[in-house]
Every structure is written in structure tokens, then in C-alpha cells.
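# quick one, what's the 3D model for this:
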Amino acid sequence: MRSGPSKKMEAATALLIPPACREEVLGDLYERYRSKPQYILDVAGTLPLVIWSQIRRTTEPQIFLLESLAVYLSFLGAQWLAVGPGEFLRLAIPSLAMLFGLRLTSVYSTRPWTPLLAVSFAFVASAGLPRWTMIFGGCLAALLLWVLRMWFPQRGSRLRETPAPAGSVMSLDDIRRKTLEFQVKISRRNLREYVAAAFVFLSMALSFQKGPLAAVLIIAGVLYVVWQLHSRGAARTAPPDGDFATYLDFHRRELERQRDLLRTIWSWYLGPMIPGLAVAVVSSAIKNPRPWIFVYAILVVLLFLGIGKLNLDAARKLQREIDALNAMEAHQ
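Alright, predicted model coming up:
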């Protein structure tokens, strides 16, 4: 009878393998088992390749670029709030460490708290930066990554969210489940936005003396975003005892409402933040005319452009879902 690795050894190995391919890799390792030393060497050689493969599979270049900009801008802004302009190149060290931690932890979990785990990588590679810079920058980066992942889930977590093919038949339970899941998703999105808004409000209050006009404008922009999100993008209650047509019509109208919200992202979400950020950049450039402030401004512009583009892409995806519902209704 052919022997295999012990249950304890296999259980320990399973913890190291990403969940998405755990059973397949464990099966391959079991088939190649000859002895304990050979098994350990096999695991050591296979694991990096498996992790790298999962990182490539779940990483989208556009979203990764946004994450990179968000992390670096967080530490750059924290450095300015803490001690003023510094060596902005040195801030790339904890930023790169946090991005590496984010990609690594995302391979094992798509939970919202994974950005918090990635902060620990930044603290390990703090490069002698002030403690306040690391604390504030890490928290702000984790919060921005949290919001970005809410708006743009990574590829692996979207595999189950593909819309039904045009013309397919859907039952009452199916449309009710899709409706409720969509409303829960919108509620969670808004909650994260409210948390982010509270953090920005607190940050601007703490930095009020450094730039009162910029702080006031940013706070006003945040309040406008929150108001728009609540009035135009809040999740609505689905009909408790509706029939198929009722749920279909409700879900379609909700998709259209969120589609329109994403299409106008510049007017209610990104645009209101521009005046405060512009005043902050200009006033900083006047007080401390150093190259880093222009780098910061360029990175903010790129971040805004990227967020705007991805929101328009998300609006097009919602439109495809609406078209699929219309086609399905015609075949019901």
C-alpha cells in the first residue's frame, strides 16, 4: 500500500497554500510523495510558484495602479501633516512593502480587513520615518484600499458575479436573491464611504491650523459627497411579498439608479474634492516651493482619473446587467 504524508504535515501544508487552489495542489503533492524530506522540499519549491500564480490571477493592472497611488499618497500626505515636506522617495519604501503585503494577503483572503494586515508590512519597512507618519499614513492607506475594494472588487471575488446570459430564464427565488444581494452590497458600500468621510473629516479638523481654507473646502466637499450618496445612492427596501414582475422591475430600477450614479461620478464624488485639494497644493507650493508638492499633485490627478475611468467601466457593466434583464423579461 502506497504511503503518503501524515495528516499533521498535510494540514500544515494546507495552511500555506492559497484556498483557491488548495485541493488541487495538495493532490499533486500527495501524488509526488516519496519521503518526508522530499515532500518538504517539494512544498518549498511549489509554494512560491503557486502564490505568484494566484497574485497574477487576481491582480488587475488598472486597479493595482490605483492602489499604488492611494498608498503612496497616504504616506506622502501623512508626512506633510506630521513634519512637513520630507524625502518623498523614502516614503516609497513603506508604500512598496504595504503593496506587497496587500497582494500577498489578498491571495489568502478577500475579506475587507486584508488592507489592515498589509499595514504591518509597512511598519516593518518604516525606513526610520516618524511614528505619526506611519500611523496616520497606514490608517489612511488601509481606509482608501478598503474603499477602492468596495468600488472595484478584485478579479477573484468577481468570478461569481457574472450576469445571467441574455434570454435565460430566472425563477422568483433567483430574482429575489439577486435583488437582496444587490441591496446588501450597496448598503455596505455606503457604510464604508461614511466611515471614510468621518476619517477625512477628523483629519482635516486636526490639520486645520496648517491650512484652514483647504480644510474647510475639503470638509465641505466630503459633506456634499455624503449627502449625495445618501440621497441618490442609498439602498432601498425591496418589496417583501412581490411577485416575479415586481421584483424584476424593482431590481432593474435599482440597477439603473446606481448606473446613473456611477456615470456622474465627477459631478458629485470627485469634483467636490478638487477645490480643497487644489488650495492645499497651491498653498503648500507657496510656503515650501519644493518638487515633491508637484509630484503629489500629479499623482492625485492620476488617481482621480483612474477612479473616474473605472467607475464608468462599472456603469457599463451595470448596463449589461440591465440589458440581460430586459432580454430575459422578453423571453419569460
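
# drop to CA atoms for contacts and neighbour counts, all remaining ones
Will do.

# distance check, residue 262 against residue 232.
To residue 232, residue 262 is 11 Å away according to Cα to Cα, to the nearest Å.

# compare these two (neighbour count), which wins?
More crowded of residue 262 and residue 232, by other Cα atoms under 10 Å: residue 262, with 23 against 13.

# tell me how far that one lies from residue 304.
Distance from residue 262 to residue 304, by Cα to Cα: 14 Å.

# packing partners of the helix or strand harbouring residue 121?
Residue 121 is part of helix 114-124, with elements assigned from DSSP states H and E. Counting contacts by 3 or more Cα pairs under 8 Å, 6 or more residues apart in numbering; DSSP states H and E, helix 114-124 packs against helix 92-108, helix 131-151.

# for residue 62, which of those helices is the nearest?
Ranking those by their distance to residue 62 (criterion: Cα to Cα) puts helix 131-151 first, at 11.7 Å.

# now that closest one: average pLDDT?
Taken as a whole, helix 131-151 has an average pLDDT of 80.

# pull out the buried positions in that helix.
133-151 (16 or more other Cα atoms under 10 Å).

# does anything pack onto it? Which helices or strands?
helix 61-83, helix 114-124, helix 172-206.

# for the shortest one, what is the average pLDDT?
Here helix 114-124 scores 84 as its mean pLDDT.

# what lies in contact with that helix?
93-102, 105-106, 134, 138-139, 142-143, 145-146 (Cα atoms under 8 Å, 6 or more residues apart in numbering).

# how near is the residue nearest in space to the middle of the chain to residue 278?
Centroid-nearest residue in the chain: residue 149, 1.7 Å away (criterion: Cα atoms, centre = their mean). Residue 149 sits 26 Å away from residue 278, going by Cα to Cα.

# contacts made by stretch 310-321 with the rest, please.
151, 152, 163, 164, 255, 256, 258, 259, 260, 262, 263, 265.

# at 7 Å what do you get?
163, 255, 259, 262, 263 (Cα atoms under 7 Å, 6 or more residues apart in numbering).

# contacts only, for the fourth one.
When the contact criterion is Cα under 7 Å, 6+ apart, the partners of residue 262 are 311, 312, 315.

# the second one sits in which helix or strand?
For residue 312, the element it lies in under DSSP H and E is helix 291-331.

# need the helices and strands packed on helix 114-124 in a markdown table (columns: distance to residue 323).
A markdown table is the format used below for the helices and strands packed on helix 114-124 (distance: least, Cα to Cα, whole Å):
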| stretch | distance to residue 323 |
| --- | --- |
| helix 92-108 | 32 |
| helix 131-151 | 21 |
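
# between those, which gets nearest to residue 199?
helix 131-151 (8.0 Å).

# and for residue 248, nearest residue in space, chain neighbours not counted?
Among residues not flanking residue 248 along the chain, residue 175 sits closest, at 6.5 Å (Cα to Cα, 6 or more residues apart in numbering).

# ugh, wrong one, residue 214
Closest to residue 214 by Cα to Cα, 6+ apart is residue 276, at 4.6 Å.

# got it, and residue 269?
residue 225 (5.5 Å).

# helix/strand/coil for the one you found?
helix (DSSP: H, G, I helix; E, B strand; the rest coil).

# I'd say it and residue 270 touch.
No. Residue 225 is beyond contact range of residue 270, at 8.6 Å (criterion: Cα atoms under 7 Å).
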